[in-house]
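S.K.: test case, fold it:
(chains A and B)
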Amino acid sequence: MNSIIEVKNLTKKFDDVTAVDDVSFSVNEGEIFAFLGPNGAGKSTTIKILTTLLNPTGGSVLIDGHNPVQNPDIVRRAFGIVFQDPSLDDELTAWENMEFHGVLYDVPNKLRRERTAQLLKFVDIFERKDDLVKEFSGGMKRRLEIARGLLHHPKIIFLDEPTLGLDPQTRNHMWTYLKELNKNEGTTIFFTTHYMEEAEQIAQRIAIIDNGKIIASGTPQELKQQESVSTLEEAFLSLTGKTIRDESANSKDRMRAMHRLHSKR
Amino acid sequence: MKKIYILWLRQIKRYSRSKSRILGSLAQPLLFLLALGYGFGSVYQQAGQGNYINFLAPGVIGMSIIFTAVFSGIEIIWDRQFGFLKETLVAPISRLDIMIGRTLGGATVATIQGIIVLSLSLLFGFHPYSWLGIFPAIVIMFLIALLFTSLGTMIASLLEDMQGFQLIMNFLIMPLFFLSGALFPLDGLPKTLSIVIRLDPLSYGIDALRILLINAGHYSLRMDIIVLGAITAVFLWLGSYFFKRIQI
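M.R.: Numbering: from 1, shown residues only, chains lettered A, B, ... in the order given. Now for the predicted structure:
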């Protein structure tokens, strides 16, 4: 099988901290791949490198055959991403957010409108398309982000904790759609999650990263067998230990807290 | 081109939707125009300088532009904190184009704000020297706006969060405004002050506005335009240089 994401000996250092340490893995075209790990393990940093937001310190990355550092634009067209944190413009309507995205990705006018309507219907926010995003609930925003990430028909979709804070209905709905997309269009899905049962049910293959290193990879079945346990959660805990990890609060978190304080009505 | 347009359009839409921001940023220029304009009017007249409202209006227009423009540039910090910047940074568009689209949008918004203040000042007794001068004055307003939006972009690219914003306001924007000759004539000033004023780009913007709107300036229009143009070019370059270095 063709590998669409190829990571070899990837390293990323921030000053004296090594966030990603000699990581290698590959994802096959059309695969649903889960990238798991405790907080601060290096998941988000890896995703940022794969999606051209950060340059690696060492190692090589190929996305659909292209290097994100040398050919960022070709790579950027190949993937869609749903970030861990919201990335919509609250002051624009749902429709305008889609328009903005479509124009930036050169989706022709007519096609853009057709697809936007179709995607918004699918994620059940078509009736609210002309409302400002700031009036949306958390779940609706998440759904809109997913619709937006799919607008330019990417070959790969990255989902960084896409189901965080979603109710089971929405989660179910979202995965049904993504699995269908994966089956019908062959879209490769790369996701992270802290819900182990989700990873177990959905992922075809899993890699577990801890302290910047890949410590295990394989199908959910293989991982369970390797650790001789019956659930992925147990396998995960036995691999990564039970210590609780802390991510230091960064300025972003402080800012959010401040914003929440001020926007309370 | 279309991508730059959509980035521009976004700035315009955001501005036209935040009614509170429009009203809020009109309050300050109005206060200056009314309190200072009427307050110092008679003293200014007795000193033989003529109508203070006429003198002050171009300065207050400049003030509303510098504040709106710097703020538009600094909005990048919010986009960064609330995630939208990532959406543009992973899209197939160069950072330079992102910066250009945003800066043009921010500068347009600041120019509109300047035009609104100009119209309001007409209501409070401002008489332009020639109505035709208003059109080139709008071009100058746009140039001032472009300069200070780029400055805002530069600041925003260097700051992590809004905590430094107050500092920038008090130690950079306020001095730029107060030391620009927006409020007082530039003739017969102490030597040090007049040197400081010469170093402030806003001085040239306001001087150009005065020449075009009330036919009274300190420097020449040619010099104003050359200095403004050159500094705008440098700031645009610096703005895009620092914007390119942003890492999320």
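S.K.: please make it C-alpha for all contacts and neighbour counts, starting now.
M.R.: Will do.
S.K.: neighbours of residue 209, just the number please.
M.R.: The chain I'm using is chain A. By the measure other C-alpha atoms under 10 Å in any protein chain shown, the count of residues near A:Ile209 is 24.
S.K.: that was the other one, I meant chain B.
M.R.: 29.
S.K.: and it, what does it touch?
M.R.: B:Leu209 sits next to B:Pro58, B:Ala137, B:Ile140, B:Met141 when contact means C-alpha atoms under 8 Å, 6 or more residues apart in numbering or on different chains.
S.K.: quick one: contacts for the residue in the stretch 51-200 of chain A that chain B sits nearest to?
M.R.: Taking C-alpha to the nearest C-alpha, chain B has its nearest neighbour within the stretch 51-200 of chain A at A:Ser87, 4.1 Å off. Applying C-alpha under 8 Å, 6+ apart to A:Ser87 gives the contacts A:Glu145, B:Phe82, B:Gly83, B:Phe84, B:Leu85, B:Lys86, B:Glu87.
S.K.: so the second one is in contact with A:Phe83, correct?
M.R.: No. Taking C-alpha atoms under 8 Å as the definition, B:Phe82 is not a contact partner of A:Phe83, at 11.5 Å.
S.K.: surely A:Phe191 is within a helix?
M.R.: No. Read with DSSP: H, G, I helix; E, B strand; the rest coil, A:Phe191 is strand and lies in no helix.
S.K.: spatially nearest residue to it, not counting backbone neighbours?
M.R.: Nearest non-adjacent residue to A:Phe191, counting by C-alpha to C-alpha, 6 or more residues apart in numbering or on different chains: A:Leu159, 4.5 Å away.
S.K.: element containing the one you found?
M.R.: A:Leu159 belongs to strand A:156-160 when elements are defined using DSSP states H and E.
S.K.: using PDB, write out every CA atom in that strand.
M.R.: Provided in PDB are the C-alpha atoms of strand A:156-160 (Å, rounded to 0.1, in the frame of the first residue of the first chain):
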ATOM      1  CA  ILE A 156      -6.000  13.700   4.300                       C
ATOM      2  CA  ILE A 157      -7.900  15.100   7.200                       C
ATOM      3  CA  PHE A 158      -6.200  15.800  10.500                       C
ATOM      4  CA  LEU A 159      -8.500  15.900  13.600                       C
ATOM      5  CA  ASP A 160      -6.900  17.000  16.800                       C
END
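S.K.: from the contact counts, what lies against that strand?
M.R.: strand A:79-82, strand A:188-192 (3 or more C-alpha pairs under 8 Å, 6 or more residues apart in numbering or on different chains; DSSP states H and E).
S.K.: do that again at 10 Å, thanks
M.R.: On a contact count with 3 or more C-alpha pairs under 10 Å, 6 or more residues apart in numbering or on different chains; DSSP states H and E, strand A:156-160 meets strand A:32-36, helix A:43-50, helix A:72-78, strand A:79-82, helix A:138-150, helix A:168-185, strand A:188-192.
S.K.: centroid-nearest residue for chain B?
M.R.: B:Ile66 (2.4 Å; C-alpha atoms, centre = their mean).
S.K.: got it, and chain A?
M.R.: Geometric centre of chain A, nearest residue: A:Leu159, 1.8 Å, by C-alpha atoms, centre = their mean.
S.K.: how about the residues of chain B near chain A?
M.R.: Applying C-alpha under 10 Å from any C-alpha of the partner chain, we find that chain B lies next to chain A at B:2-7, B:9-10, B:13-15, B:17-18, B:78-94, B:160-163, B:246-248.
S.K.: just to be sure, which of the residues you listed are found in helices?
M.R.: If you go by DSSP state H, the residues of chain B next to chain A have B:2-7, B:9-10, B:13-15, B:17, B:78-81, B:84-89 in helices.
S.K.: residue contacts, B:Arg102?
M.R.: Under the criterion of C-alpha atoms under 10 Å, 6 or more residues apart in numbering or on different chains, the neighbours of B:Arg102 are B:4-12, B:72-73, B:75-76, B:96, B:108, B:149-150, B:153.
S.K.: ok, now how distant is the closest residue to B:Trp8 other than its chain neighbours from chain A?
M.R.: Excluding the flanking residues, the one nearest B:Trp8 by C-alpha to C-alpha, 6+ apart is B:Gly105, at 4.2 Å. According to C-alpha to the nearest C-alpha, to the nearest Å, B:Gly105 stands 15 Å off from chain A.
S.K.: wait, doesn't B:Gly105 sit right on B:Thr68?
M.R.: No. Contact criterion C-alpha atoms under 10 Å: B:Gly105 and B:Thr68 do not qualify, at 11.6 Å.
S.K.: where in chain B is pLDDT low?
M.R.: Along chain B, no part satisfies pLDDT under 70.
S.K.: repeat that for chain A.
M.R.: Using pLDDT under 70, chain A drops low at A:1, A:246-265.
S.K.: returning to what we had before: and the angle for the strand holding A:Leu159 with strand A:188-192?
M.R.: Counting by axes from the mean of the first three to the mean of the last three C-alpha atoms, to 10 degrees, strand A:156-160 lies at 10 degrees to strand A:188-192.
S.K.: what residues does strand A:156-160 touch?
M.R.: Applying C-alpha under 10 Å, 6+ apart, the contact partners of strand A:156-160 are A:4-5, A:29-35, A:43-44, A:47, A:50-51, A:63-64, A:77-85, A:146, A:149-150, A:178, A:182, A:186-193.
S.K.: cutoff 7 Å now
M.R.: Contacts to strand A:156-160, defined as C-alpha atoms under 7 Å, 6 or more residues apart in numbering or on different chains, come from residues A:78-84, A:187-192.
S.K.: for stretch A:16-29, same thing?
M.R.: Stretch A:16-29 is contacted from outside by A:1-13, A:33, A:42, A:46, A:188, A:212-214, using C-alpha under 7 Å, 6+ apart.
S.K.: what parts of the stretch 51-200 of chain A come near chain B?
M.R.: Residues of the stretch 51-200 of chain A lying close to chain B (C-alpha under 7 Å from any C-alpha of the partner chain) are A:51-54, A:73, A:76-77, A:85-89, A:91, A:100, A:103-105.
S.K.: any of the contacts of A:Ser87 buried? List them.
M.R.: Buried members of the contacts of A:Ser87, scored by 16 or more other C-alpha atoms under 10 Å in any protein chain shown, are A:Glu145, B:Phe82, B:Gly83, B:Phe84, B:Leu85, B:Lys86, B:Glu87.
S.K.: which residue packs closest to the last one, ignoring adjacent ones?
M.R.: Spatial nearest neighbour of B:Glu87, chain neighbours left out: A:Ser87 (6.1 Å); criterion: C-alpha to C-alpha, 6+ apart.
S.K.: which strand or helix spans that neighbour?
M.R.: Using DSSP H and E, A:Ser87 sits in no helix or strand.
S.K.: what about the residue lying closest to A:Lys141 once chain neighbours are set aside, neighbour count?
M.R.: Spatial nearest neighbour of A:Lys141, excluding adjacent residues (C-alpha to C-alpha, 6+ apart): A:Val133 at 7.1 Å. Look at A:Val133: counted by other C-alpha under 10 Å, it has 23 neighbours.
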